[in-house]
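Undergrad: Kindly return the folded structure for what I paste below:
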Amino acid sequence: MIESGLIERLCDLRGIAREFTDYRDRTSRVPDATVLAILAAMGHRVDDADALEQEARLLEELDWVRVLPPVIVLRGERRVQFTVLAPLLPRIDWRIELEHGGLESGEVLPERLPVLGERGVHGLWYVRLALELPDVAPGYHRLVLDKPDGTQLAAAPLIVAPDRCHEPEAIRGGRRLWGPAIQLYTLRSARNWGIGDFTDLGRFAERAAALGADVVGVNPLHALFPADAGLVSPYSPSSRYFLNVLYIDPEAVPEFATAVEARRLVSTPEFQERLAALRASDFVDYAGVTACKLEVLRLVWRRFNRKASRERRAAFDEFVIQGGDALEKVALFQLLHQGLAARGLHGGWPAWPAEYRHPDAPATQAVRGAGPGEVDYHRWLQWVAAEQLAAAEESARRAGLSLGLYRDLAVGADGGGAETWSDRGLYCARASVGAPPDPLAPGGQDWGIPPMLPDELRARAYEPFVRLLQANMGHGGALRIDHVMTLLRLWWVPASRPSAEGAYVYYRLDDLMAIVALESTRHGCLVIGEDLGTVPAEIRIAMREYGVYSYRVFFFEKDQAGGCRTPGDYPREALATVATHDLPPLASWWSGSDIRLREQLGLYPDAGVGAAEREVRERDRFLILDALVAEDLLPPGARGADGQPGPMTPALSRAIQIYLARSNAAVMVVQPEDWLGMESPVNVPGTSSEYPNWARKLDGDWEDMLARADVRDVAQAVAAARRS
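TA: Numbers count the residues shown, from 1 in each chain. Sure thing, here's the model as predicted:
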C-alpha cells in the first residue's frame, strides 16, 4: 500500500497534477491509481513502497547535492543559483565560455553572496547561493565554476534568451498580412504525380503573391512512412526533424535530366497511364504515389551516385555531415521499415523483431554495414527534399511574399516512427498524449503519441527541443506550434487505460518559451501558438510576455454577450482564420453537413448530441448574419423572406472572409476550400479508417483555381480589406 503522502511528494517532484479544470470549468481530482500508473510509466517501482520512498528521497536531494542544475536558462535577470558544501570556499572563480568564442570571467566571495536556502543531506550541510552574471548576448553558452586552486567545481550549459520572439518588420510597421493556407498534398496540377509537391508549393506561392498575398501557410511537412501507405497523418509523423519525401518532384531533381533509365521509364505509356490515374483520383493514392516516385527516384539516385558533379557531390556530403547521427538514424530507420514492412510487419518499430528495436543494436548495425549505399540513398532523399523546400521558400520570397512560408510543427511523433526509435530514452513508451473528456469526446482523446520525459529533456539541456525548432524554422518566415499548451503541460494517458484516466504532466514553461524566443530571433521567424480548447491562464500570460501570437478561429471568437467578436476586438498579436484542418470548410459548417457526416460515422454517443449541435449552429448562423449587418457586409439573399439564414453562397462566403480580413489580427489566412465552396473535410477528428483523412484533394487544378475570376475577386477584396 502506497501512502497518500508519498504519492503527493512524487507528484510535486515529477510535475504530475493531482487536479485539473475540465471543460465545464469544474475541478476534477486525479485518482491515486492514475498517478501511480503514470509514475510507473516514468520508470518508478510503484509495486514497492520502500523502493518508491527511496526514489522520492533521491529526487528531493538531487538539486542539493549537485552544484549547478543540468541547464541554466536566463532571460531578463542574470541570477544563477548554485549549491556548495559548508564550510564555504574562500573564493569561486567563474567563467562563461561564449557560444562563438570568447570568454567572460570573474570571481566571487561565497560568504558575501545571498543565501537562498540550506539543507543537510547524509550528514553534510549544503548552502544554496545566488550568483549575478554579467549581460551576455543571447545564445548557447557554458558556465564554469572553479575552486581557488583552479580545479573545476561544476559546469553547465547556459542558455541566454532575448525578451521576445521575432516580429517581422512589415508587422512592426503596421501592416496586416494575409495569405492562403493549404494542405500541400491536396493540390492538383497537370504536372504533379497525384500529390501536391514542392514545385507546386513554389509556384503556388508565386501566384498567391501576384494576388496580393504576403504568406502561404502549409501543413506539417514532417517525414511519414513511405513503406506504409496507411500512416499518412501529418500530425502523427515518423519524424518531425525530417521531411516527407513524397513531396519531392522527381522531374525537378537536377540529375533527372541525364538519368536515361529514369526518363525512359517515365516516358512509357504504361507509366504515363499510372500518373494520369493518380492525378485523376479525388483522393491521394498514397500507395500508388509512393510506388511511382520511389521507383523513379531510385534510378535518379543511381545516376547521382555514378555521375554527380563535383559541386553536387560536395553539397550532398556537407548535408550528410551537418545531419550527423540524426540523419543516419532516420535513414537507417527508413531502410529497416521498408524491408520489414515488405515482410508484413506493419505498425512501426514496436512490431519489429526485438533485435531491430534499437538503433545501436548489433543486428541493426549489421543491416547498416551490409548496405551503406542504401543508407546513403535515404540520406539523399532527405537532401533532395530539403533542396526543393528551400527552392520553394526562395520562390515565395522572390515573388514578394513578405512573410514567406508559414509552416506547422506537430505536437508529437508516432510511437512507431523514426523519431522515437532514434531516441528511445527521451520518450515515454508506456504512455501517450491525448486530452481529457469534452463534449465531442466524452471518453477523452488518445492521440497515440508518446510524450517526451520532462526530466530527461532538461537533463539534455533541451537539445532535442532546440533541434526540433531549428529543423522547422528553416525555410519559412512563420511557424505554428500545434497545441502550444504542450510547452506547459500534456495530458498523459497510461498504456492500456482509457483516455479519461489520464492526468496532466507539467514541463518548464519559461525554459521552453525562452528557447522558442531565441530560435525565433535567430531564424527571423514569427511564432504562432495554437491555443484552442482549454487554455490555462499561464499559457495566455506567457504568450503575451514572449511575443508568441495567438491562433484565432472565426467560428470560436465570441464577445461577452455570445455574439461574434467584432473585427476591432481581435488582438493584434494573433493569426485569424475562418477554419482549420480539424474543422469543416465554411460551406459544410453553414449547411450542417459536417454534423450529418459525424452522425453517419457514429461519432456521437447518442442522437441528442447531434441535435444539440444543430441548435447551436442555427444560433451561430443568426449571429454571423447580425455581425455582417453591423459591418455593412450582408449580401442580398443571405436572409430569406422569413428572416431565416439562407444557404451558403459565393457572396456570403466572400462577405465572411472580408469580415475577418478587417480584423486587427496582424496575420490572416484563408482556405482555398472556401474559395471553391467545398464541403468535404480534409480530416474528421476521432476517425481513422472510417474516413479517408489527409487524402481529399481540392476540386480542380490549383492553377485554374487561382485564375478564376470569382477567386481573384475574393482574394483582391481580402487584400484590400487588409490594407485599409
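
Undergrad: only C-alpha atoms for contact and neighbour calcs from this point on.
TA: OK.

Undergrad: Pretty sure Trp702 sits against Ala190.
TA: No: using CA atoms under 8 Å, Trp702 is not in contact with Ala190, being 9.3 Å away.

Undergrad: buried set for the least confident helix or strand in the chain by mean pLDDT?
TA: Least confident helix or strand, the chain: helix 362-370 with a mean of 86, by mean pLDDT, DSSP states H and E. By neighbour count on 16 or more other CA atoms under 10 Å, the buried set for helix 362-370 is 364, 367-368.

Undergrad: now do stretch 92-106
TA: Those would be 92-98, for stretch 92-106 by 16+ other CA under 10 Å.

Undergrad: now the strands: where do they sit in the stretch 501-650 of the chain?
TA: 503-506, 526-529, 550-553, 574-577 (DSSP state E, counting those that start in this stretch).

Undergrad: In JSON lines, list these along with mean neighbour count and distance to Ala611.
TA: Converted to JSON lines, the strands of the stretch 501-650 of the chain look like this (neighbours: other CA atoms under 10 Å; distance: least, CA to CA, whole Å):
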{"stretch": "strand 503-506", "mean neighbour count": "23", "distance to Ala611": "31"}
{"stretch": "strand 526-529", "mean neighbour count": "26", "distance to Ala611": "32"}
{"stretch": "strand 550-553", "mean neighbour count": "22", "distance to Ala611": "23"}
{"stretch": "strand 574-577", "mean neighbour count": "24", "distance to Ala611": "26"}
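
Undergrad: what would the ones you listed look like in a markdown table with distance to Arg207 and mean pLDDT?
TA: Output for the strands of the stretch 501-650 of the chain, formatted as a markdown table (distance: least, CA to CA, whole Å; pLDDT from 0 to 100):
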| stretch | distance to Arg207 | mean pLDDT |
| --- | --- | --- |
| strand 503-506 | 44 | 97 |
| strand 526-529 | 23 | 98 |
| strand 550-553 | 25 | 98 |
| strand 574-577 | 20 | 98 |
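
Undergrad: gap between Glu545 and Val80?
TA: 21 Å (CA to CA, to the nearest Å).

Undergrad: same thing with Gln644?
TA: 64 Å.

Undergrad: Between those two, tell me which one has more neighbours.
TA: For the pair Gln644 and Val80, the greater number of neighbours falls to Val80 (17 against 13), based on other CA atoms under 10 Å.

Undergrad: Surely the more buried one is in contact with Pro134?
TA: No: in this structure, Val80 is not within contact of Pro134 by CA under 8 Å, at 10.9 Å.

Undergrad: What residues sit buried inside stretch 321-336?
TA: Buried residues in stretch 321-336 (16+ other CA under 10 Å): 323, 326-336.

Undergrad: And Trp702 and Ala190? Which one has more around it.
TA: Trp702 (20 against 13).

Undergrad: Could you measure from the more buried one over to Leu623?
TA: 33 Å.

Undergrad: Phi and psi next, for Asn664.
TA: Per-residue torsions, Asn664: phi -70, psi -10 (degrees, to the nearest 10).

Undergrad: for it, what are its contacts?
TA: 176, 567-572 (CA atoms under 8 Å, 6 or more residues apart in numbering).

Undergrad: now do Glu557
TA: 564-565.

Undergrad: coming back round to it: filter the contacts of Asn664 down to just the buried residues.
TA: Of the contacts of Asn664, these count as buried by 16+ other CA under 10 Å: 176, 567, 570-572.

Undergrad: Which of those sits closest to Glu3?
TA: Of all these, Glu3 sits closest to Pro571, with 47.9 Å by CA to CA.

Undergrad: On the three-state scheme, the residue nearest to that closest one when sequence neighbours are not counted is what?
TA: Take Pro571 and drop its neighbours on the chain: the residue closest to it by CA to CA, 6 or more residues apart in numbering is Ala665, 5.6 Å away. Here Ala665 is recorded as coil under DSSP: H, G, I helix; E, B strand; the rest coil.

Undergrad: Begin at 56 from now on, thanks
TA: Happy to do that; since the first residue is 56 now, the last one works out to Ala720.

Undergrad: OK, contacts around Ala720?
TA: With CA under 8 Å, 6+ apart, Ala720 has these contacts: 231, 625-631.

Undergrad: Go again with 7 Å.
TA: Applying CA atoms under 7 Å, 6 or more residues apart in numbering, we find Ala720 in contact with 625-631.

Undergrad: what's the answer for Gly249, then?
TA: 330, 333-334, 339, 344.

Undergrad: How much space separates Glu518 from Arg361?
TA: Taken as CA to CA, the span from Glu518 to Arg361 is 37 Å.

Undergrad: And for Glu654?
TA: 57 Å.

Undergrad: who's more crowded, these two?
TA: Shown here are Glu654 and Arg361; by other CA under 10 Å, Glu654 has more neighbours (16 against 9).

Undergrad: so how far is Pro125 from the closest residue to Pro519 other than its chain neighbours?
TA: The spatial neighbour of Pro519 that comes closest, neighbours along the chain excluded (CA to CA, 6+ apart), is Leu512 at 7.3 Å. Leu512 is 10 Å from Pro125, where distance means CA to CA.

Undergrad: and if you look at Ala260?
TA: 43 Å.

Undergrad: gap between stretch 403-410 and the chain center?
TA: 26 Å (CA atoms, centre = their mean, to the nearest Å).

Undergrad: again, but for stretch 423-437
TA: 27 Å.

Undergrad: Check which residues of that stretch are buried.
TA: Buried residues in stretch 423-437 (16+ other CA under 10 Å): 423, 429-437.

Undergrad: So which of those residues sit within helices?
TA: 423, 429-437 (DSSP state H).
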